[in-house]
Every structure is written in structure tokens, then in C-alpha cells.
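In: have a look; sequence and predicted model below, questions after that.
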Amino acid sequence: MKQRSIEIMDTTLRDGEQTSGVSFSATEKLTLAQLLLTEVKVDRIEIASARVSEGEFQAVKRITDWARENGHLHKIEVLTFVDGDTSINWVEKAGAKVMNILTKGSLNHLTHQLKKTPEEHFRDIAAVIKKAQKKGIDCNVYLEDWSNGMRNSKEYVFQYLDFIAKQPIKRVLLPDTLGILIPSETHGYIAAITGRYPQLHFDFHGHNDYDLGVANALEAVKAGAHGLHLTINGMGERAGNTPLASIVAVLNDFQKDVKTNVNEKALYKISKLVEAFSGFRVSPNKPVIGENVFTQTAGIHADGDKKKNLYYNDLMPERFGRKRKYALGKTSGKANIENNLQQLGIQLSDEDLKKVTQRIIELGDKKETVTQDDLPFIISDVLDSNTTAEKVHVEDYVLTHSKNMRPSTTVRIRFEDGVVEENAQGDGQYDAFMNALRKIYTQKKLPLAKLTDYIVRIPPGGKSDALCETIITWNHNGREFTTTGLDSDQTVAAIKATQKMLNLV
Ligand SMILES: CC(C)C(=O)C(=O)O
């Protein structure tokens, strides 16, 4: 099948930066520009608005310097205004070669904001294009508020397009400025325009106010649009712009008669980088790039995946440089855990698997999220307590913590010959626990190992805050040894480590 190429213009560095509270530094802009063009392989990038600030000027300059040396200069675009020479001079000084001129795409905007007639506006636009041309700068034109223009002043839009069709411009950029379009409307408007002006190149620029950014972009393509404007992570004013990753996946999977140059494998990486640079967090359920979107939580899905790929769809994580994950929690079940163990290369007996599953369910019940990285620690903890023949068991305890009073603990320890209970205060809850234990051991005239070191840490590599590991070093009659305890609570983890010690001396 012959495929039509869709030009992808990324505007993360211009419209995306209009996300409330976001500002990229010049270095961040340069890094993202380089990655967008060389790794993500979008066709063009819009990197700034002219005249904004000295910082913005420096950022544009650094990007155009790099782009000139690397053959990308004509892929770098700057938003400019119908302001005589001002924007043109700014763009020229910054070394850019393409400007996207912001013009009016609705009679309402033209009349009430610019207070001009269509003829006056067209005259001003033509003058700007002419001056830019003389300086060797290419022009595209934005029809701001175009979607409202089509709804309420179609005649004006066509008058404008008749005018612009005679101008030496490269592309006409059609923004749904307020994100008000629904897909059928987008299709109708774009089809009418591309049908009437087959000689012109049209880009669709969507916003996501009704969560229809992707659907509108798809319809624009179906109706004959030649290019799309997108942002990484759907950043942008209000509800943002059409997200690049989502629409690329949709086009690749559902619109086989078109193709883009975008490299799917780079989409997750660039998403993470933009998230880090912007501080704008990606929702975990954001398609393609969200943290959770390739994580199966329900055990039944993991079971189906193992049996015959029963839950397969085309949206495979590997396409985007990601991996399928199986969540560990109270609904995860045996199959999820087995999948994780398989990925880690660990084999367990049925009995041990049951115990590990039980521990994960207990943690899940406490609303803790367990990650794959936590799994080896849970296994070691559960299986460790299996193998230690329990002579001594910490049967019950009460830990109290109060303001202006010392923490206290009541402990009940079961020995082979009966249960002993004591209480004590301490500098902290664990210290109080140890003081009570010491009383019990003194009473029973039993030796107790001395604590020499105490470390608390989140299991290394663990990305969740579900668990902490307490590692205690003991000395008994000159012999040093270490025990560990794992729990969501630090003191409980320490008590578990202590119980192991009681059974080792
Ligand atoms: C500034 C303009 C071009 C814009 O982003 C829009 O209309 O959505």
C-alpha cells in the first residue's frame, strides 16, 4: 500500500512551555531540540515565541547555531507576530530561518482584538511575508481561533485562504485554539479546506480541552491534513496539546495509509526527560508513556499472558522501549508473582511460593505497593524465617509513642517452657522493646546478644516505599553476626531481625 507521509511538528518548546509554571532553560531547550530531531525524528520543531525575553533569544540562538552545523536549520521554527519588522529582526538576529506568523483565523478575534478589517489584516500580513522573504526567512501562517472561525465566520476563513493561497508561504497552520472541536466537525472542516486548496500544505494544531486532542488529530489526518502539531506528554496551556506518543501509536496501528518518521522507541525516553526538565508530572495512566500503562495488576491477566498470550494487543511495551510489568499486591495472585520470579530468574517450590504470595497479599492489604525489586528481599525474609527453627517467638507487643513522654513497650515472649511478659521505657520504640526483652532475659537468666550496629534502608533498587529493611549486627561472646528484618514499618522490621537473633544464640 502506498503510504502518505504526515509531517510531525513538535511544539513542546513553544506551546508546551506555555503549561502553567513551566520554563525551560536554554540548555534544556537545546538538549530537547537535539533529541527531538535526531532520536525521536520529528520533522520540525517550534522552539519559542519571538520577542519574549533575552533568555529566549539566547536559547533560540544556541539551537540555530547547532542546527546550522548539523543540517537541521530549516526544521527550526519560531512563532512570530504581524508587527512590521520587529519579529522578523528578532528571528534574523537569532539565526532562525522559519517563522510561524500568528494571524487571525476568526472574524471575532480580528474585529475585537486587532480591531481591523480583513483587508487591513491581509495587507499587514502580506507586508510581513514580503520582508521576511527578502531576508531569506520562510513563512508559515497560523490562523488563530480557526475552529471558531469555521463555526461562526466561515466566509472570512475562506476569504483569508483565497488571499493566503496567492502568498509565497510554505504551510497553513490550523489551530483548534480553545480545543472546542469534536472529531466529526474536525473531519468536515479539514476536508472542505484541503479539497478546495489542493495546492496548499495544511497542519492541524489540536488542544485537549475535551480530551479529544488525539481523536481530532486522527480525523484531521483522515480528512487530508498534511501535518500535525504535537507536544511531549501533551504539555500545553489549560488541558494541553495533542500528545505526540498517543497519536503516533494511533496512526501506526489504525491509519495504515499514512506514515510518520517518528521513532516509537524514543518516545518514553524523551517523555521522561521532558518530565524531569519541566517538573510537569505525567499521569501514571497516560497512554503509551504513563508509568502504569504496561503493568498488569489483576492475576487473571498475568495468568492469561502465561497461558496463550490471551491478553495480547498491538500496543506492546517493547515498541516504546518499555517492558511489561506484573504488579505485586493483594489482587496480583500466584501468576503475577510467578511472572516476576521468571523475569528475575528465581525458582521457588510451591510451598515457598505460597508463603511469599501470602506475604505480598498482607502488604497489599495495608495498601502497600510492592515492586519487582522488592521481591528478592521479601523472598529472603520469608524463607529465612522458615528455616530458623523457632525456639523463641515474639508472641505479642504493644509499642507506644507519645508527645513529652518516653516511648514504652510491653512484650510477650514465648519460650519452649512458657510465656513471659515485661514492659519497659526507652529512648525510642525499639529501645523500649530491647529494654523489655533484656528484663525478660535477665529474669530467665539467659544470655542476650549485644547490638553493635543498626542500619535501616529501603531495599536497594526498590522503587516503592512499601518496605524497609533493618539490618542489625550483633555480638555474642565475641562472635559477630547479622540479621535482617523486612516490613513496611521500621520498628517492626527491627523486631523481626531481633527475633531471628534470639533463635541464633
Ligand atoms: C498561539 C497559537 C498559534 C496557538 O498555540 C493556538 O492557537 O493554539
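Out: Perfect, I can see it now. Numbering: from 1, shown residues only.
In: which parts of the chain sit against the ligand?
Out: Contact residues, the chain versus the ligand (C-beta under 6 Å from any ligand atom): 15, 102, 142, 144, 175, 177, 205, 207. Any C-beta I mention is one placed from the backbone N, CA and C, and that applies to glycine too.
In: save the residues you listed as a markdown table, and put in neighbour count and secondary structure too.
Out: Below are those laid out as a markdown table (neighbours: other C-beta atoms under 10 Å; DSSP: H, G, I helix; E, B strand; the rest coil):
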| residue | neighbour count | secondary structure |
| --- | --- | --- |
| 15 | 23 | coil |
| 102 | 20 | strand |
| 142 | 24 | strand |
| 144 | 20 | strand |
| 175 | 22 | strand |
| 177 | 22 | coil |
| 205 | 28 | strand |
| 207 | 26 | strand |
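In: out of these, which two sit at the greatest distance?
Out: Longest distance between any two of these is 15.2 Å, between 102 and 207; criterion C-beta to C-beta.
In: and whatever residue of the stretch 1-150 of the chain ends up closest to the ligand, how far is that from residue 440?
Out: Residue nearest to the ligand within the stretch 1-150 of the chain: residue 142 (4.1 Å; C-beta to the nearest ligand atom). Shown here: residue 142 relative to residue 440, a distance of 79 Å by C-beta to C-beta, to the nearest Å.
In: what of residue 289?
Out: According to C-beta to C-beta, residue 289 stands 55 Å off from residue 440.
In: ok, the two, which is more surrounded?
Out: residue 289 (27 against 19; other C-beta atoms under 10 Å).
In: wait, a helix at the more buried one?
Out: No. Counting by DSSP: H, G, I helix; E, B strand; the rest coil, one finds residue 289 to be coil, located in no helix.
In: quick check: the gap between it and residue 267.
Out: 6 Å.
In: look at the residue of the chain positioned farthest from its centre and report its pLDDT.
Out: Using C-alpha atoms, centre = their mean, the residue of the chain lying farthest from its centre is residue 445. It sits 58.8 Å away. Note on residue 445: pLDDT of 94.
In: what's it sitting at in phi/psi?
Out: Reported as degrees, to the nearest 10, the phi and psi values for residue 445 are phi 50, psi 40.
In: before we move on, what about residue 417?
Out: phi -100, psi 20.
In: can you count the residues close to it?
Out: Residue 417: 7 neighbours (other C-beta under 10 Å).
In: the helices in the stretch 1-150 of the chain, which residues?
Out: 26-35, 54-69, 86-94, 107-109, 118-134, 146-152 (DSSP state H, counting those that start in this stretch).
In: need these in CSV with distance to residue 400, can you?
Out: Shown next, in CSV, are these (distance: least, C-beta to C-beta, whole Å):
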stretch, distance to residue 400
helix 26-35, 50
helix 54-69, 56
helix 86-94, 66
helix 107-109, 67
helix 118-134, 75
helix 146-152, 64
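In: give me whichever of these is most buried.
Out: helix 146-152 (a mean of 22; mean count of other C-beta atoms under 10 Å).
In: name the helices or strands packed onto that one?
Out: helix 107-109, helix 154-164, strand 171-175, helix 183-196 (3 or more C-beta pairs under 8 Å, 6 or more residues apart in numbering; DSSP states H and E).
In: and residue 219, helix, strand or coil?
Out: Per three-state DSSP, residue 219 ends up helix.
In: ignore what I typed, I meant residue 374.
Out: helix.
In: and the gap between it and residue 226?
Out: Taken as C-beta to C-beta, the span from residue 374 to residue 226 is 49 Å.
In: neighbour count: those two, which is higher?
Out: residue 374 (25 against 18).
In: can you check my assumption that residue 229 lies in a helix?
Out: No. For residue 229, which was evaluated using three-state DSSP, the result is strand, with no helix membership.
In: skipping its backbone neighbours, what lies nearest it in space?
Out: Once flanking residues are discounted, residue 229 sits nearest to residue 205: 3.9 Å by C-beta to C-beta, 6 or more residues apart in numbering.
In: give the contact list for that neighbour.
Out: With contacts defined as C-beta atoms under 8 Å, 6 or more residues apart in numbering, residue 205 is in contact with 11, 15, 142, 173, 174, 175, 176, 228, 229, 241.
In: what's the overlap in contacts for residue 289 and residue 267?
Out: 245, 320.
In: before we move on, the earlier item: tabulate the helices of the stretch 1-150 of the chain (JSON lines), appending mean pLDDT.
Out: Below are those laid out as JSON lines (pLDDT from 0 to 100):
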{"stretch": "helix 26-35", "mean pLDDT": "97"}
{"stretch": "helix 54-69", "mean pLDDT": "97"}
{"stretch": "helix 86-94", "mean pLDDT": "98"}
{"stretch": "helix 107-109", "mean pLDDT": "97"}
{"stretch": "helix 118-134", "mean pLDDT": "98"}
{"stretch": "helix 146-152", "mean pLDDT": "98"}
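In: in stretch 408-422, which residues are buried?
Out: 408, 409, 410, 411, 412, 413, 420, 422 (16 or more other C-beta atoms under 10 Å).
In: for those, which one is nearest the ligand?
Out: Closest to the ligand, out of all of the buried residues of stretch 408-422 and judged by C-beta to the nearest ligand atom, is residue 409, at 62.4 Å.
In: can you map out the strands along the stretch 401-505 of the chain?
Out: 405-415, 418-425, 450-457, 468-476, 479-487 (DSSP state E, counting those that start in this stretch).
In: can you list the ones you listed in TSV and add mean pLDDT?
Out: Shown next, in TSV, are those (pLDDT from 0 to 100):
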stretch	mean pLDDT
strand 405-415	95
strand 418-425	95
strand 450-457	91
strand 468-476	89
strand 479-487	84
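In: got TSV for those strands, with distance to residue 234 too?
Out: Formatted as TSV, the strands of the stretch 401-505 of the chain follow (distance: least, C-beta to C-beta, whole Å):
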stretch	distance to residue 234
strand 405-415	49
strand 418-425	55
strand 450-457	37
strand 468-476	35
strand 479-487	39
